[in-house]
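Visitor: I would like the atomic coordinates for the input below:
(one chain, ligands or ions: 1)
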Amino acid sequence: MTRRNVFFGMLAAALSTLWKSSTVSSAAAPVKSIDAMQQNWRALLAEGVKVPLASEPLKLSKDEWRKRLTPEQFHILREEGTEQPGSSPLNGEKRPGVFVCAGCGLPLFTSEMKFESGTGWPSFFTAIPGAFGKTTDYKLILPRTEYHCIRCGGHHGHVFDDGPKPTGQRWCNNGVALKFIPKTAKAAT
Ligand SMILES: [Zn+2]
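Guide: Numbering: from 1, shown residues only. The predicted structure is shown next:
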């Protein structure tokens, strides 16, 4: 390699580094950090509303769950059912607020974490830290990652790796298993 080629090689390497760093920063700038979303989820919780902690487990018998839940909620949360796509009014829910477990009230997602996946199920690209446990299920032969509420064990959905950037996650949740608390909700007195 001649000196001249070495010089151009170095120049090209420097330019490509500059180019890469500028594209990375401009792509990341408008996205609120996932960490910030996860750590500050309480900012979307309606004032005065009390929610349980993940560290306070709720264990009930099948009969007790049957009394507490609607038949549809029971089927999905306690028997790992799946609702019809497009059936949940929460698909179109876009107000600021927090999605909690319909079984036990544990906060699971915020409105900031929701996106329109086009699947007909409420979808999220991340979750509130510590809200879920995971298992692998083989119901459709190919393994899928099932997730459930860490507090009551209620089944919520499956998480896939074809979600939007930056997490690439798609938490596909049954709307029946969720309750939405709008940020503007008044606390029960
Ligand atoms: Zn729960």
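Visitor: make it CA atoms for all contacts and neighbour counts henceforth
Guide: Will do.
Visitor: thought residue 178 was touching residue 102?
Guide: Yes - with contact defined as C-alpha atoms under 8 Å, residue 178 and residue 102 form a contacting pair (4.7 Å).
Visitor: Tell me which of these two has more neighbours.
Guide: residue 178 (26 against 22; other C-alpha atoms under 10 Å).
Visitor: hey, where'd the strands end up in this structure?
Guide: 97-101, 107-110, 114-115, 123-124, 132-137, 144-149, 155-160, 170-173, 178-182 (DSSP state E).
Visitor: got those strands as JSON lines, with mean pLDDT columns?
Guide: Formatted as JSON lines, these follow (pLDDT from 0 to 100):
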{"stretch": "strand 97-101", "mean pLDDT": "98"}
{"stretch": "strand 107-110", "mean pLDDT": "98"}
{"stretch": "strand 114-115", "mean pLDDT": "98"}
{"stretch": "strand 123-124", "mean pLDDT": "98"}
{"stretch": "strand 132-137", "mean pLDDT": "96"}
{"stretch": "strand 144-149", "mean pLDDT": "98"}
{"stretch": "strand 155-160", "mean pLDDT": "98"}
{"stretch": "strand 170-173", "mean pLDDT": "98"}
{"stretch": "strand 178-182", "mean pLDDT": "98"}
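Visitor: how about CSV for those strands, with distance to the ion added?
Guide: Formatted as CSV, those follow (distance: least, C-alpha to the ion, whole Å):
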stretch, distance to the ion
strand 97-101, 5
strand 107-110, 9
strand 114-115, 19
strand 123-124, 17
strand 132-137, 9
strand 144-149, 5
strand 155-160, 8
strand 170-173, 13
strand 178-182, 9
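Visitor: Please dump those into CSV; it should also carry distance to residue 73 for every row.
Guide: Shown next, in CSV, are these (distance: least, C-alpha to C-alpha, whole Å):
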stretch, distance to residue 73
strand 97-101, 11
strand 107-110, 16
strand 114-115, 21
strand 123-124, 18
strand 132-137, 18
strand 144-149, 14
strand 155-160, 10
strand 170-173, 13
strand 178-182, 9
